[in-house]
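A.B. asks: Give me a 3D structure for the following:
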Amino acid sequence: MTPYNQREKFNKLSVNVGIVFSKIPLSANQWTLASLIPAILAFYFLTKEQFILGAALFVISAAIDLVDGSVARVTGTVSKFGAYLDTIVDRYVEGLIIFALLFASLPEFIIPVYGWIFLYFFGSIMTTYVKAAAKEKEIITEGKELKGGVLERAERLIILFVGILLAAVNPLWLVYVLVLLVILTNISALQRIRIARKLSSTKA
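C.D. replies: Now for the predicted structure:
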């Protein structure tokens, strides 16, 4: 299947999802905020080390996050604020999941686990911030985004989800996944910085 056909298939699925969920009396922005509910519940269960339940609620939150955009497109309510709110809520959801891991009894690997959690959170923030900073400093043109790096947000959350599932078998595996995420998120941030540098050199 070509990328074009994949995109067409995704667009059709998005429209169908939007049609179904637009029948529920919630606006697109309300759907965005609704994704926080399962994320908060996931936070609770992860602190109790109920990793399967936590992972399931994490997925539900991610699924609701896809609904808001579909509803906005179908109902013709796409807005800049909606996109902005979606981005902010995405960070809250990811932050809740990461914060919850501080309360789980995860084993030490080289350094205490809270060190890996912090470094992963830092890498995640930096991957996002270098993109926002490039726009703020006008390194990229209006209406475009700085992209690139080994991990985008979707891939980052999929890997974290897999790690949480593995923790149900052995919590040490989740720690290994966190170490992997530390490496990949920070590499992604550095790659985006390099891309921004090239773009700024081109403009100079």
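A.B. asks: next SSE after the worst-scoring helix or strand of the chain on mean pLDDT?
C.D. replies: Of all regular secondary-structure elements in the chain, judged by mean pLDDT, DSSP states H and E, the least confident is helix 3-21 with a mean of 56. Proceeding N to C from helix 3-21, the next assigned helix or strand is helix 28-34, under DSSP states H and E.
A.B. asks: Now that next one - C-alpha only, PDB.
C.D. replies: Taking only C-alpha atoms (Å, rounded to 0.1, in the frame of the first residue of the first chain), the coordinates of helix 28-34 have been written out as PDB:
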ATOM      1  CA  ALA A  28     -14.300  18.600  20.100                       C
ATOM      2  CA  ASN A  29     -12.600  20.600  22.900                       C
ATOM      3  CA  GLN A  30     -14.700  18.700  25.500                       C
ATOM      4  CA  TRP A  31     -13.500  15.400  23.900                       C
ATOM      5  CA  THR A  32      -9.900  16.800  24.300                       C
ATOM      6  CA  LEU A  33     -10.500  17.400  28.000                       C
ATOM      7  CA  ALA A  34     -12.200  14.100  28.400                       C
END
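A.B. asks: Give me the nearest residue to the residue nearest the centre of the chain, chain neighbours excluded.
C.D. replies: Centroid-nearest residue in the chain: residue 153, 4.1 Å away (criterion: C-alpha atoms, centre = their mean). With C-beta to C-beta, 6 or more residues apart in numbering as the measure, residue 90 is the residue that lies nearest to residue 153, at 6.8 Å, once sequence neighbours are left out. (Each C-beta comes from the backbone N, C-alpha and C, glycine too.)
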